[in-house]
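**Student:** Quick one, fold the following:
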Amino acid sequence: MTTDSGVQDYGTSDFKGRPLDTAFARVTIRLKNAILGEYKDACFVFGRIADPEFNMTREPVVAACDDEGAIKLWQTGHGFQSRWTVGG
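**Tutor:** Now for the predicted structure:
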């Protein structure tokens, strides 16, 4: 029925000794199941490393929003350093 997305975090990750921009987006989807007569929300975090030198995206990751451990494990394994600054 509806979708909502936004940047969850932004920073740099190490890819073969090169610091590359990395972004994480949170996507929430509102689903309507006519057969069951109910609504359900699904939420996912998507991440990827941008490699403009080779025009590629690297090391994609996706996890359920409530699986913070999977994203943290990926971030640790890729040397992720957040540069996210929320302005007010």
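
**Student:** quick one: secondary structure of the residue of the chain most remote from its centre?
**Tutor:** Ranked by distance from the centre of the chain (C-alpha atoms, centre = their mean), the top residue is residue 35, with 31.0 Å. Three-state assignment for residue 35 (DSSP: H, G, I helix; E, B strand; the rest coil): coil.

**Student:** Which pLDDT value belongs to it?
**Tutor:** Looking at residue 35, its pLDDT reads 93.

**Student:** go on, the one 5 residues further on?
**Tutor:** As predicted, residue 40 sits at a pLDDT of 92.

**Student:** wait, is residue 73 part of a strand?
**Tutor:** No - applying three-state DSSP, one finds residue 73 to be helix, outside a strand.

**Student:** what about it, how many residues close to it?
**Tutor:** Counted with other C-beta atoms under 10 Å, the neighbours of residue 73 add up to 13. No exception for glycine: its C-beta is placed from N, CA and C like everyone else's.
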